[in-house]
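>>> could you work out the structure for the sequence below:
(one chain, ligands or ions: 1)
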Amino acid sequence: MKKIIAVSDSHGNRDLLRNALSQAAQGSPIDLCVHCGDGVRDMDSLADTITQANPHARVYTARGNCDLASFDVPTLTLFEANGVPMMVTHGHLFGVKHELESLLCVAEARKAKVVFFGHTHHPFLETVRGITLINPGAICAQMPGNIAYAQVLVDAGGKVRADLMKWLD
Ligand SMILES: [Mn+2]
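Numbers count the residues shown, from 1 in each chain. A predicted model of the protein is given here:
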C-alpha cells in the first residue's frame, strides 16, 4: 500500500503545513508527499522530516503563480504509485478557477489517472472520465471540520482510494 499525502497553497504557513503532515503521518509513514504549488519552498525543511521517517519517501511539487523565486520547479510533474500514473500541477495555467476541462484534457494527453492541483483554495475531489481530480484546498485555519490535506491510498494492484482529510483538533 502506498500512502500519498497532498497539500496545496501553503503561502508561507510552514507551521500549519508541518502540523498537517505530522497528522497525516500518524499510523503509517508517508510514501509520497505532493505540494500543488504556491508555497513549494515551504516543503524544503519538511521534506527531510518525511524522508527521516521513511527513507523511501518521495516529494513531488509543481510551481504555482506565487512561487516567483522557484523557477527550478516545473509547472507540471508526472510520477506514479504502484503503477498508477499521476500528475501534479498548480492549475493557474489551465484556468481551474473557471473550468476543469482543460486540466482533464492535459491529464488525458499525459495519461495521468490521478491529478493533484490547487490554486482555487477550495477542496475538491471528483472522478471524471476515469480520472480522479484532487484539490486539497489551501492550508488554512486549523479548526475541526476544515480540510487539512488529501490522502490517496494505492494498493499493490493499483486500486485507488482518495479522501479529503479534516483537522483532528
Ligand atoms: Mn495560485
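>>> residues from the protein in reach of the ion?
Contact residues (CB under 5 Å from the ion) of the chain with the ion: 38, 64-65, 119. For the C-beta atoms, the positions are set from N, CA and C on the backbone; glycine is no exception.
>>> buried ones among the residues you listed?
For the residues of the chain next to the ion, a neighbour count by 16 or more other CB atoms under 10 Å gives the buried set as 38, 64, 119.
>>> dump the residue contacts of the last one.
So that's residue 119. By CB atoms under 8 Å, 6 or more residues apart in numbering, the residues touching residue 119 are 8-9, 36-38, 64-65, 90-92, 96-97, 135.
>>> returning to that earlier point: secondary structure, pLDDT and distance to residue 149 for the residues of the chain next to the ion - can I get that in a markdown table?
Below are the residues of the chain next to the ion laid out as a markdown table (DSSP: H, G, I helix; E, B strand; the rest coil; pLDDT from 0 to 100; distance: CB to CB, whole Å):
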| residue | secondary structure | pLDDT | distance to residue 149 |
| --- | --- | --- | --- |
| 38 | coil | 97 | 15 |
| 64 | coil | 98 | 16 |
| 65 | coil | 97 | 21 |
| 119 | coil | 97 | 16 |
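>>> of these, closest to residue 128?
Among those, residue 119 lies closest to residue 128 (CB to CB), at 17.5 Å.
>>> mind listing what residue 125 touches?
By CB under 8 Å, 6+ apart, residue 125 lies in contact with 132-135, 150, 162-164.
>>> what's the closest of the residues of the chain next to the ion to residue 140?
Nearest to residue 140, judged by CB to CB, of these is residue 38 at 12.5 Å.
>>> find the nearest non-adjacent residue to that closest one, please.
Distances taken as CB to CB, 6 or more residues apart in numbering put residue 64 closest to residue 38, at 3.5 Å, once the chain neighbours are dropped.
>>> could you do residue 5 as well?
Using CB to CB, 6+ apart, the nearest residue to residue 5 is residue 24, at 4.3 Å.
>>> phi, psi for that neighbour please.
Main-chain dihedrals, residue 24, degrees, to the nearest 10: phi -70, psi -30.
>>> thinking again about what came up before, so how far is residue 75 from the residue nearest to residue 38?
9 Å (CB to CB, to the nearest Å).
>>> repeat for residue 22
Applying CB to CB to residue 22 and residue 75 gives a distance of 28 Å.
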